[in-house]
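Undergrad: Kindly return the folded structure for what I paste below:
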Amino acid sequence: MNKFDRQSHSADIQALPDDIAEELSRLPSEVLSVDDAPSIAPPVPLSQDEVRTIVISLMLTMFLAALDQTIVATALPTIGRQFQDVSNLSWVITAYLLASTAVAPVFGTLSDIYGRKAMIITSLSLFVAGSVLCAIAPNMPMLILARGLQGLGGGGIMPVVQTVISDVVSPRERGQYQAYFSSVWMVGGILGPVIGGVFAEHLHWSMIFWINLPLTAAALVLLLPNMKKIPVFHRKRKVDWLGGVLLMASAVVFMLVLTWGGSRYPWLSPTVLAMVGGAVALAVSFVWHARRADEPFLPLKMLTGSVAPFALTAGGCGLGAITGLTVQLPLYYEQVYHLSASEAGLALIPLAAVSTCGAAIAGRTMARAKHYKRVAIIGTSWAALCGLALTLTTLPLWGLLTLMAAFALGLGTTFPVCVVSLQNSVARPQVGTITGAMNFFRSLMSSFTVAAFAAILLIALGIDVPLAGEHHVAGSVAIPTDDMRHAFRYVFGAATALMTTAALCLIAMEERPLAGPSAKQPVEMAE
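TA: Numbering: from 1, shown residues only. Sure thing, here's the model as predicted:
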């Protein structure tokens, strides 16, 4: 650590309340290095009203990104009929997911170099431009390209929003706010298909894109006046564009493998194997370059240590489990309990809604408890036990929904603990980078889990099964109820394994002190 960094950390520690400053001063000197320093939270010159305004604007911004991941699904049949092209409909969703996943680490890193304001404006501008082009697209190819552009903006929203929160709220309080954002993400995901269906049926499908303009304008009106008051922690440095391109390219190819493998091409086909080889080659090239670059795009050292690898894995397992179940459970509800497609969608609400309750419990616990990770260890262990019960028992619908809600309650505790622990493990100028990397790995894990759960069902049933957005054709698939129950036991078993892995990672993860109000002090801003 150079002289400037030592002085900066010393000043930050002195600015903290006495109890926290004393606790941080006892940490080993290497913990406060540039690569490993916990986020020190000096007093933020923002009033409670200003913080609330910023949080509301950020929640609205994140709602945009969450909404556009699912709002298109129910409008796809209408879009396909208008453009007389149903063979490429899946690309309307895939293009967005590919672009948003690939750019998540890019926006996170660039926010550490050029600042949060520049990146939030850039991401929202790309998002709005893509939305307008989607709304006026004259044909399917243009719509797909416009969705890719929209995905570039949407992929930048999540990491930048989470990074801005880290700038205005201390680590101890941050878990509560992360729970609020988890709620917004779940609500957006649930409302998306409903709003998309209403617009497509009663107005015009282009309204699902035009609605983004007033929402974005409202978010910017609330956010921009307060951005200049937010503390500045970014550090100008040279951008490692080659490293960023290699990372994005490897992610895109890997996502295409997960998207096409087992559906468009057999898993062992020459095309898929060649793409796997290409993804591995690009990833190896990225690692080779990052080890030799003076200032790599994503410092590999940041992903090592006693916090980052465990928090990344636990968070990825949690999001992967809930995403994989959300995609596959409608098929289970339709085939085993004979629900309609709309009823199967409603049956997913307990999984999504109760997980946000778990996140809220964990967030409030972090604001008050010294050993904050215990709530997540208990939660993930509880989720693993619920998953085991789902694997071993046959339940009526009400019993299944109750047990799924209990599973989701434990699973939800993972997210705020992992996010805050990651941000608390690096120096302030690297919070955006680690947040972008977290969103990147979570997206990859979600895609991998969806593909893995589908492969499990394929092996267990011996036939191809419909995936997300295709459950309306499930009735044409002749699958005996007992066979479906038996096959889904392997899916529930895989979800149990994911939550067990998350629990073990949280146990192994170092629990570093969180800066902010002590456990004895009330957290006023969250009230």
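Undergrad: wait, isn't residue 419 in contact with residue 312?
TA: No. Look at residue 419 against residue 312 with Cβ atoms under 8 Å: they stay out of range, at 10.6 Å. Placement of C-beta: from N, CA and C, glycine included.
Undergrad: between those two, who's got more neighbours?
TA: residue 419 (29 against 23; other Cβ atoms under 10 Å).
Undergrad: can you confirm the more buried one is in a helix?
TA: Yes. Looking at residue 419 with DSSP: H, G, I helix; E, B strand; the rest coil, it is inside a helix.
Undergrad: Who are the contact partners of it?
TA: Taking Cβ atoms under 8 Å, 6 or more residues apart in numbering, we find residue 419 in contact with 162, 174, 175, 178, 315, 435, 438.
Undergrad: which residues do residue 419 and residue 312 both contact?
TA: Contacts common to residue 419 and residue 312, judged by Cβ under 8 Å, 6+ apart, are residue 438.
Undergrad: residue ranges with poor pLDDT in this protein?
TA: 1-47, 74, 87, 231-235, 341-342, 462-478, 515-527 (pLDDT under 70).
Undergrad: and the spatially most central residue of it, which of the three is it?
TA: Centroid-nearest residue in the chain, with Cα atoms, centre = their mean: residue 439, separated by 5.0 Å. Secondary structure state of residue 439, per three-state DSSP, is helix.
Undergrad: And the strands in the chain, which stretches?
TA: Counting by DSSP state E, one finds no strands in the chain.
Undergrad: from the contacts of residue 419, which single one is nearest residue 509?
TA: Closest approach to residue 509 among these (Cβ to Cβ): residue 315, at 10.7 Å.
Undergrad: which one is the closest one nearest to, not counting chain neighbours?
TA: residue 418 (3.7 Å; Cβ to Cβ, 6 or more residues apart in numbering).
Undergrad: swap in residue 412?
TA: Per Cβ to Cβ, 6+ apart, closest to residue 412 is residue 358, 2.5 Å.
Undergrad: wait, the one you found sits on residue 408?
TA: Yes. Here residue 358 reaches residue 408: they are 6.7 Å apart, a contact under Cβ under 8 Å.
Undergrad: So for these two, which residue has more residues nearby?
TA: residue 358 (30 against 24).
Undergrad: Do I have it right that residue 128 meets residue 153?
TA: Yes. Assessed by Cβ under 8 Å, residue 128 is found in contact with residue 153 at 7.3 Å.
Undergrad: Give me the more crowded residue out of those two.
TA: Using other Cβ under 10 Å, the more surrounded residue of residue 128 and residue 153 is residue 153, with 27 against 20.
Undergrad: picking up where we left off before, quickly note the distance from the residue nearest to residue 412 to residue 118.
TA: Counting by Cβ to Cβ, to the nearest Å, the separation of residue 358 from residue 118 is 35 Å.
Undergrad: What of residue 488?
TA: Taking Cβ to Cβ, one finds residue 488 at 47 Å from residue 118.
Undergrad: Those two: which has the busier surroundings?
TA: More crowded of residue 488 and residue 118, by other Cβ under 10 Å: residue 488, with 24 against 15.
Undergrad: The residue lying closest to the more buried one once chain neighbours are set aside: neighbour count?
TA: Nearest-residue entry for residue 488: residue 332, 5.2 Å, with adjacent residues in sequence omitted and distances by Cβ to Cβ, 6+ apart. Under the neighbour criterion other Cβ under 10 Å, residue 332 is assigned a count of 23.
Undergrad: Residue 85 reaches residue 142, doesn't it?
TA: No. Between residue 85 and residue 142 there is no contact under Cβ under 8 Å: 11.4 Å.
Undergrad: Okay, helices next: where are they in the stretch 201-350 of the chain?
TA: For the stretch 201-350 of the chain, the helices defined by DSSP state H, counting those that start in this stretch occupy 207-210, 212-227, 241-260, 270-292, 308-336, 341-346, 349-368.
Undergrad: List the residues that contact the residue nearest to residue 412.
TA: Contacts of residue 358 (Cβ under 8 Å, 6+ apart): 379, 408, 409, 410, 411, 412, 413.
Undergrad: what do you get if the cut-off is 10 Å, keeping everything else the same?
TA: 179, 182, 318, 375-376, 379-380, 382-383, 405-416 (Cβ atoms under 10 Å, 6 or more residues apart in numbering).
Undergrad: Filter these down to just the ones in helices.
TA: Among those, the members falling in helices are 179, 182, 318, 375-376, 379-380, 382-383, 405-412, 414-416 (criterion: DSSP state H).
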